[in-house]
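Q: Just to be clear, the model below is a prediction. Sequence and coordinates:
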Amino acid sequence: MNAEIIITEALGKVVEKLYGSVPAPELLQVQTTRKEFEGDYTVVVFPLLRISRKSPEQTGSEIGREILDSLPEIESFQVIKGFLNLKMSSSYWMNRLQDIALTKNYGMGSPSGRTVMIEFSSPNTNKPLHLGHIRNNLLGWSVSRIMEANGHKVVKVNLVNDRGIHICKSMLSWLRYGQNVTPESSGIKGDHLVGDYYVRFDKQYKEEVKELVNGGMEEEQALREAPILQEAQSMLVKWEQGDEQVLNLWKKMNGWVYQGFDITYKRMGITFDKIYYESETYLLGKELVMKGLKDGVFFRDPDGSIWCDLTSEGLDRKLLLRADGTSVYITQDLGTAVSRYQEYGFDTHVYVVGNEQNYHFQVLKLLLKKLGFSWADDIIHLSYGMVELPEGRMKSREGTVVDADDLMDNMIETARETSLESGKLEDMSPEGQEHLFEILGLGALKYFILKVDPRKTMLFDPRESIDFNGNTGPFIQYTFARIRSILRKAASRGYHSRMYGRPMLEKELRLIKLMANYPQIIEESGRDYSPAQIANFSFDLAREFNQYYHEVTVLHEEDRELRDQRLLLLKQVARLLESSMGLLGITLPERM
RNA sequence: GGCCCUAUAGUUCAAGGGAUAGAACGGAAGUUUCCUAAACUUCAGAUACAGGUUCGAGUCCUGUUGGGGCUACCA
């Protein structure tokens, strides 16, 4: 059991014994002691003064004495300015280290029996993935791992926006200008090829609008009546009617996009348990809307469109079906949610979607509740912040979109340059090197994104490459590689890591203390859906270890028992680095 | 206009209402006969502004200012 809990419990009993009243739980504040003070855990005594009716100093001393008596793990205490600092005995920490070494899935929560569904990625099929999607994908993946680490059963799902007018634009543009080009014939990745024709459509559309305006038409009318747009709209009608030619083209081009996406996902190390397509769920959404209409929770406008009145909830009225009976964005989301619940009966459903859609999810939950689905309360919108450039938001119109594939290429290239410059890999096979560059480049990218609190807007400057020094993925990877190198040498010399009970250095106890927090970190990052806390843990541990590495020798230690004991410590540090970084989807290399 | 989010060193990020606000990059100065210098050590540098609540506020509340988002019969 973790020390904070032990101390908190003891504190409650001690306060009751000393002052004769049971303190409310929120008055019992135990935290880790700040680095600059002597001690491991700190009791904040201010909240207890009301009960003790004595000075902070006196209260702290009295409690300190009692706790010292009742908990053998505590070696000494000190009261400074109203803070009671407790120092654990070094044998306590050494036992912790042994516990860690002996616990198979150290840090992981026990099975909860709960199913957590996580939707992330959710791409459009007419644009390649960009930096925003990278944050989405990495967050979704990492949160999935963190949920698993908390003992939940996880179902990772993707929702592909594969229908709507935008798809028709790409199709039409390809028919007109594509001359039957394919990813194979052009050598262009499928999603990029389709994206190119989407852009091509937009260019033509703008030209036509301009011509019409020059011919004397009002701009608003021109925007509506440009021939190419009208052609796309009639194509959408054909799609909805099930026109075979249109459907075949749609399937063919979507297939290209999926092939392209698969490559990108694979490179990011991302998989899904199930992929949903809007084209398959929007019909159920329509049925739900009709049911809501029948039940009187929705209403029909004179023009035939169907709405929900949310003004009593402080929101507007929301359109659910157009007058012509076609569905809108939220219609399919209703259908998707219900079919997922029917299929998996999730206890929690996390949607990893940008904060620009906060309103959408607020409405979605309200609508589901109005339709009588009580599990609407189990929906959590993990609303992450945008990735911005120094000049603001990425805009495809201004060509500032940072492409996911390009960015990964660049990261790997930088890893290659940095690695080759160091000259440490000369005896490594070319395949081994390539593999390493990928691990390092992606490690840098993933860590860069995930170390930031998901809810916050973050900044990316394409002109400055992502760092490989300091608080970065490669820093932690490097720390790991160093430890593994020592462990390999130790193994080849026949050394065996083992606990001997030799006195440990302050630095070593600090490392153990950090590692002792791991279970709590996993729990908290799960509670907050925040990989950033995991990243901070990894960094703190790596930094602490690097200082230790610099000061203390392991392989050259003459005292064999001490040497082997240190090997045990190293092994556990490496293990937790690998475990925690694994929760971020980052691989650690044996050497670099 | 209405609603929501946000503001911490030059820059990018930390800090469960608790002690002297931590790191990293960048800047200055150092460390390599010794397990990987992608490391380590030292120095300089910050809570937008004004009130309030509290024994105690970067953190909670109110206002001001700056930044972002939403407010589509797009998805």
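A: Received the coordinates, thanks. Quick caveat: nothing in here was measured; it's all calculated off a predicted structure.

Q: can you list contacts of stretch A:233-248?
A: Around stretch A:233-248, the neighbours that count as contacts under CB atoms under 8 Å, 6 or more residues apart in numbering are A:163-165, A:167-168, A:171-172, A:250, A:326. Bear in mind the C-beta positions are built from the backbone N, C-alpha and C, glycine included.

Q: That one and RNA strand B in contact?
A: No: Stretch A:233-248 stays out of contact with RNA strand B when judged by CB under 7 Å from any atom of the strand, the minimum separation being 9.0 Å.

Q: in that stretch, what counts as buried?
A: Applying a neighbour-count criterion of 16 or more other CB atoms under 10 Å, one finds A:235-236, A:238-239, A:246 buried in stretch A:233-248.

Q: Which member of the residues you listed is positioned nearest RNA strand B?
A: residue A:236 (9.0 Å; CB to the nearest atom of the strand).

Q: same question for the helix or strand hosting that closest one, mean pLDDT?
A: Assigned by DSSP states H and E, residue A:236 belongs to helix A:227-241. In this model, helix A:227-241 carries a mean pLDDT of 88.

Q: before we move on, back to that, which two among the buried residues of stretch A:233-248 are spaced furthest apart?
A: Within the buried residues of stretch A:233-248, A:236 and A:246 form the most distant pair, 8.8 Å apart (CB to CB).

Q: any idea what the residue of chain A found nearest RNA strand B is structurally, helix, strand or coil?
A: Nearest residue of chain A to RNA strand B (CB to the nearest atom of the strand) works out as residue A:470 at 2.2 Å. With DSSP: H, G, I helix; E, B strand; the rest coil as the basis, residue A:470 sits in coil.

Q: Show me what from the stretch 351-500 of chain A comes close to RNA strand B.
A: Residues of the stretch 351-500 of chain A lying near RNA strand B (CB under 7 Å from any atom of the strand): A:355-360, A:385-386, A:392-393, A:415, A:418-419, A:422, A:424, A:440, A:451-453, A:455-459, A:467-472, A:474-475, A:478, A:481-482, A:484-486, A:489.

Q: one more time with 6 Å, if that's ok
A: Contact residues, the stretch 351-500 of chain A versus RNA strand B (CB under 6 Å from any atom of the strand): A:355-360, A:386, A:392-393, A:415, A:418-419, A:422, A:424, A:440, A:451-453, A:456-459, A:467-471, A:474-475, A:478, A:481-482, A:485-486, A:489.

Q: Which of those residues fall within helices?
A: A:358-360, A:415, A:418-419, A:422, A:440, A:474-475, A:478, A:481-482, A:485-486, A:489 (DSSP state H).

Q: Derive a PyMOL selection command for the buried subset of these.
A: Buried residues within those, by 16+ other CB under 10 Å, are selected in PyMOL with:
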select buried, chain A and resi 360+415+418+419+440+474+475+478+481+482+486
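
Q: Which members of the ones in helices among the residues of the stretch 351-500 of chain A next to RNA strand B are the farthest-apart pair?
A: A:359 and A:489 (58.1 Å).

Q: Quick check, pLDDT for residue A:398.
A: 78.

Q: Which of the three states applies to it?
A: coil.

Q: Drop anything exposed from the contacts of stretch A:233-248.
A: A:163-164, A:167-168, A:171-172, A:250.

Q: So among those residues, where is pLDDT lowest?
A: pLDDT is lowest at residue A:164 among the buried ones among the contacts of stretch A:233-248; the value there is 82.

Q: distance of residue A:137 from residue A:465?
A: Going from residue A:137 to residue A:465 by CB to CB, to the nearest Å gives 21 Å.

Q: Give me the residue ranges of chain A where confidence is low.
A: Within chain A, the stretches with pLDDT under 70 are A:1.

Q: Mind jotting down where the strands sit in it?
A: Ranges of strands within chain A are A:30-32, A:41-44, A:74-80, A:83-88, A:115-119, A:153-160, A:274-277, A:299-300, A:306-309, A:317-321, A:348-354, A:379-384, A:387-388, A:458-459, based on DSSP state E.

Q: Dump those strands into CSV; add distance to residue A:260 as well.
A: Shown next, in CSV, are the strands of chain A (distance: least, CB to CB, whole Å):
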stretch, distance to residue A:260
strand A:30-32, 47
strand A:41-44, 53
strand A:74-80, 60
strand A:83-88, 55
strand A:115-119, 21
strand A:153-160, 13
strand A:274-277, 15
strand A:299-300, 42
strand A:306-309, 37
strand A:317-321, 33
strand A:348-354, 21
strand A:379-384, 24
strand A:387-388, 21
strand A:458-459, 26
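
Q: what sits against the nearest residue to residue A:541 once chain neighbours are set aside?
A: Nearest non-adjacent residue to residue A:541, counting by CB to CB, 6 or more residues apart in numbering: residue A:514, 5.2 Å away. Going by CB under 8 Å, 6+ apart, residue A:514 touches A:537, A:540-541, A:544.

Q: now with 6 Å?
A: By CB atoms under 6 Å, 6 or more residues apart in numbering, the contact set of residue A:514 is A:540-541, A:544.
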